[in-house]
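Asks: Using only what follows, build the 3D model:
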Amino acid sequence: MVHTKTEWTRVMIRFFGALSALWLLIGAVYAAPGDFVVARVKYSGGGDWYSDRTSIPNWLKALNQRTDIRAARDQEVIRLTDRNLYQYPLIYMTGHGNIRFTEAEIAALRTYLTNGGFLYVDDNYGLDKSFRREMARVFPEKSFQLLPNSHPIYHSFYDLAGLPKIHEHDGEPAQGFALFHEGRVIVYYTYSSDIGDGLEDPEVHNDPPDVRERAIQMAVNIAVYVLTH
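Replies: Predicted structure coming up:
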């Protein structure tokens, strides 16, 4: 039997859906109890998925110092088709260039997100076009919604006025977008903000302390929001 590309995607979605409960159980067994980890997604397409190398370690350090969350010291790097994807409540993507998902990655990401997972994507300047294109392949029936400043993600730990503006980029305002599934935020996307740059070691971008503090507070809020919603 010959499957069309659309039919093959549906087959893969059903396949990953059947395995998701098992993978969640496996993840619970092998994960270090109580250690919160941010998993960086390694993607194809030519974009620099590895950018902002010091941002996640500094993010995790802030969680350990400022909250009751027991966080790991460093990130994990995963692909969307890795079997251990389901042990991470928060996965993270960033970069400046092109993203391209395979059909298997589309199926895996859709299943992960609709079964309790959360994806945070931070545009590091240049990611927007390809990211929106690929997410339209993952969820053709959904569209990004701009979150108001009153949304709980901006008030989950620190009471922020909204998404902070860290780097100028093209001078556009910082905007936080979300995809929802059954009333739950499953994808949070920060555009023209650059939280990841603000989390890096001070000497990387020479951001003033108050700018870095705003980025750290936003990152803490994201993690707390994921773990409480």
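Asks: Dead centre of this protein: give me the residue that sits there.
Replies: For the chain, the residue nearest the mean C-alpha position is Y120 (1.9 Å; C-alpha atoms, centre = their mean).
Asks: ok, that one - contacts?
Replies: Residues in contact with Y120, defined by C-beta atoms under 8 Å, 6 or more residues apart in numbering, are 90-93, 187-190, 222, 226. Placement of C-beta: from N, CA and C, glycine included.
Asks: Quick check on it: phi, psi?
Replies: Note on Y120: backbone dihedrals following degrees, to the nearest 10 are phi -110, psi 130.
Asks: Kindly provide the distance from it to Q65.
Replies: The gap separating Y120 from Q65 is 20 Å, by C-beta to C-beta, to the nearest Å.
Asks: And for Y191?
Replies: 28 Å.
Asks: again with N98
Replies: 36 Å.
Asks: Strands along the chain, start to end?
Replies: Secondary structure of the chain (DSSP state E): strands at 39-41, 76-78, 90-95, 118-123, 145-146, 175-181, 184-191.
Asks: between these, which one is nearest to F139?
Replies: strand 175-181 (6.2 Å; C-beta to C-beta).
Asks: could you say what helices and strands the closest one packs with?
Replies: Here strand 175-181 touches helix 103-114, strand 145-146, strand 184-191, going by 3 or more C-beta pairs under 8 Å, 6 or more residues apart in numbering; DSSP states H and E.
Asks: Run the chain-centre distance for it.
Replies: Computed by C-alpha atoms, centre = their mean, to the nearest Å, the separation of strand 175-181 from the middle of its chain amounts to 11 Å.
Asks: mind listing what's buried in it?
Replies: Buried residues in strand 175-181, counted by 16 or more other C-beta atoms under 10 Å: 175-179.
Asks: same deal with stretch 152-162?
Replies: Applying 16+ other C-beta under 10 Å to stretch 152-162 flags 153-154, 156-157, 160, 162 as buried.
Asks: Can you give me the end-to-end span of it?
Replies: 10 Å (C-alpha to C-alpha, to the nearest Å).
Asks: what mean pLDDT does that stretch have?
Replies: When pLDDT is averaged over stretch 152-162, the result is 98.
Asks: which outside residues touch it?
Replies: Here stretch 152-162 makes contact (C-beta under 8 Å, 6+ apart) with 66-67, 147, 149, 163, 174, 176, 185, 188, 214, 217-218, 220-222, 224-225, 228-229.
Asks: Reformat the strands of the chain as CSV; add distance to D197.
Replies: Shown next, in CSV, are these (distance: least, C-beta to C-beta, whole Å):
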stretch, distance to D197
strand 39-41, 15
strand 76-78, 19
strand 90-95, 9
strand 118-123, 9
strand 145-146, 22
strand 175-181, 16
strand 184-191, 11
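Asks: Which of the ones you listed sits closest to W59?
Replies: W59 sits nearest to strand 90-95 of all the strands of the chain, at 8.8 Å, using C-beta to C-beta.
Asks: quick one: strands adjacent to the closest one?
Replies: strand 39-41 (parallel), strand 118-123 (parallel) (DSSP bridges).
Asks: Report the angle between it and strand 184-191.
Replies: Taking axes from the mean of the first three to the mean of the last three C-alpha atoms, to 10 degrees, strand 90-95 and strand 184-191 form an angle of 20 degrees between their directions.
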